[in-house]
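Visitor: The following block contains a protein sequence and its predicted model.
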Amino acid sequence: MLRSTSVDDQINPVIGAQAIFGPAQHLPSDQTIAVAKDKQLPLGNDLVFVLVAVLRQHGHIANVLTHISGTDWRKVEMSFRMILDPRTSSHNLTPLARNILELLCADRGITGRIMKPYVRALLSAVLGAEAAGRLMRRIDALFHELQSQARQANWHHRIAQRWRDSQ
C-alpha cells in the first residue's frame, strides 16, 4: 500500500548530523572558533561537509539538489561554501548558489517549504541556537540583497524598454 510521506518521515537533521559526527561539541575540525568558553563551532569546510552530507540523506532535497546541480555535488558544496562565507555578496553568487539560497530563504514551492526549516534545524543542532540564528540572519540578508539586486535590474530594464518604445 502506498502512503504519502511528510517532512516528519524524512531523516531528522539532528539525528543525521549526530550520526555523522556525534554531539555538536565533538565535531572534528582543525579550524574552530570559540564562541563561548565551552562551545567550539566548525568553520568552513567542516560545516559545509556536515550540511551537504545530511542533505544528501534526505530523499526529496537530495533529488532536487542533484537535479539543479546537473548531478555534480561538488558544485553544491561550492555553492554552500559561497553562501556561508561572510565575504560573499550577491554579485558573486553562481546561478546554482542563487537557486540554493532561494530554497533556503523563500517559502515558495514544496522544496523551499521543506528545505528552509530542515536546514535551520540542522544548523541549530550543529552550531547551537544562537550561532545558527546569527548565520541564518546573515544568509537571509544575502537573500534580501539578491532580491533587491533583481528588483533594481528589473526596474532598469523597464525604464530602458519605455525609452525604446518612446523612440
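Guide: Right, received. Where do you want to start?
Visitor: Enumerate residues external to stretch 102-116 that contact any of its residues.
Guide: V7, Q10, H58, H60, I61, V64, I83, V119, I139, D140, F143 (Cβ atoms under 8 Å, 6 or more residues apart in numbering). (Each C-beta comes from the backbone N, C-alpha and C, glycine too.)
Visitor: Quick check: chain neighbours aside, which residue is closest to the last one?
Guide: When you say that, I think you mean F143. C105 (3.8 Å; Cβ to Cβ, 6 or more residues apart in numbering).
Visitor: Give the buried subset of the contacts of stretch 102-116 as a ChimeraX selection command.
Guide: To isolate the buried ones among these in ChimeraX, judged by 16 or more other Cβ atoms under 10 Å, type:
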select :10,58,61,64,83,119,139,143
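Visitor: Tell me the one among the contacts of stretch 102-116 nearest to V48.
Guide: The closest of those to V48 turns out to be I83 (Cβ to Cβ; 9.2 Å).
Visitor: hang on, the earlier thing: with secondary structure as extra columns, can I get the contacts of stretch 102-116 in TSV?
Guide: TSV is the format used below for the contacts of stretch 102-116 (DSSP: H, G, I helix; E, B strand; the rest coil):
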residue	secondary structure
V7	helix
Q10	coil
H58	coil
H60	helix
I61	helix
V64	helix
I83	helix
V119	helix
I139	helix
D140	helix
F143	helix
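Visitor: Turn the contacts of stretch 102-116 into CSV, including pLDDT and distance to Q149.
Guide: As requested, the contacts of stretch 102-116 are arranged in CSV below (pLDDT from 0 to 100; distance: Cβ to Cβ, whole Å):
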residue, pLDDT, distance to Q149
V7, 43, 31
Q10, 49, 33
H58, 91, 30
H60, 93, 29
I61, 94, 26
V64, 95, 24
I83, 93, 15
V119, 93, 22
I139, 94, 16
D140, 94, 15
F143, 94, 11
